[in-house]
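return atomic coordinates for the entry below.
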Amino acid sequence: MLPVSAGLHRGRVSGRLRLEPAPSGCRLVLTVEERAWRLRGNAVALLVLAGAGGLVTVLWPFFPRLLGLAPIGAILALSAWFLVLSRLTTSTPEDFLALAAELATHPPEEGEARTW
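Residues are numbered from 1 along each chain as shown. Purely as a prediction, here's the structure:
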């Protein structure tokens, strides 16, 4: 099982690993047999909240009563960038530890080899 992260999804991938000959020596090939993906709920909730704030920021000229909420909407929209979108391309030690904890809660099945 390998921990994987792709955008707003986090999960585990398992499969077969084999060596194949290549012109420059050998090549390592992973054939994926099983995938288990999970959506990052907190990030999605923050993006929905920030989307609502962005709508308020864009729509206040058409609905003047929203003018008082426009600064809050702008702050919510920017918070999505700083808290969610900017972290999608990088992994922090906390992300690694969260993935390790997830793998620890799913011990290997009998006969399954796992190396670290």
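
report pLDDT for Pro107.
The pLDDT attached to Pro107 in the predicted structure is 59.

repeat that for Gly54.
90.

so what secondary structure elements neighbour the helix or strand encompassing it?
For Gly54, the host element (DSSP states H and E) is helix 41-59. If contacts are counted by 3 or more CB pairs under 8 Å, 6 or more residues apart in numbering; DSSP states H and E, helix 41-59 sits against helix 70-83. In this view, the C-beta of every residue, glycine as well, is placed from N, C-alpha and C.

how about the helix holding Gly54: buried residues?
Within helix 41-59, the residues scored as buried using 16 or more other CB atoms under 10 Å are Ala43, Leu46, Leu47, Ala50, Gly53, Gly54, Val56, Thr57.

how many neighbours does the nearest residue to Leu59 once chain neighbours are set aside have?
Distance criterion CB to CB, 6 or more residues apart in numbering; nearest residue to Leu59, sequence neighbours excluded, is Leu66 at 6.1 Å. Burial of Leu66 is recorded as 16 neighbouring residues (other CB atoms under 10 Å).

quick check, Leu66 in contact with Val56.
Yes: here Leu66 reaches Val56: they are 5.4 Å apart, a contact under CB atoms under 8 Å.

what touches both of the two?
Gly73 (CB atoms under 8 Å, 6 or more residues apart in numbering).
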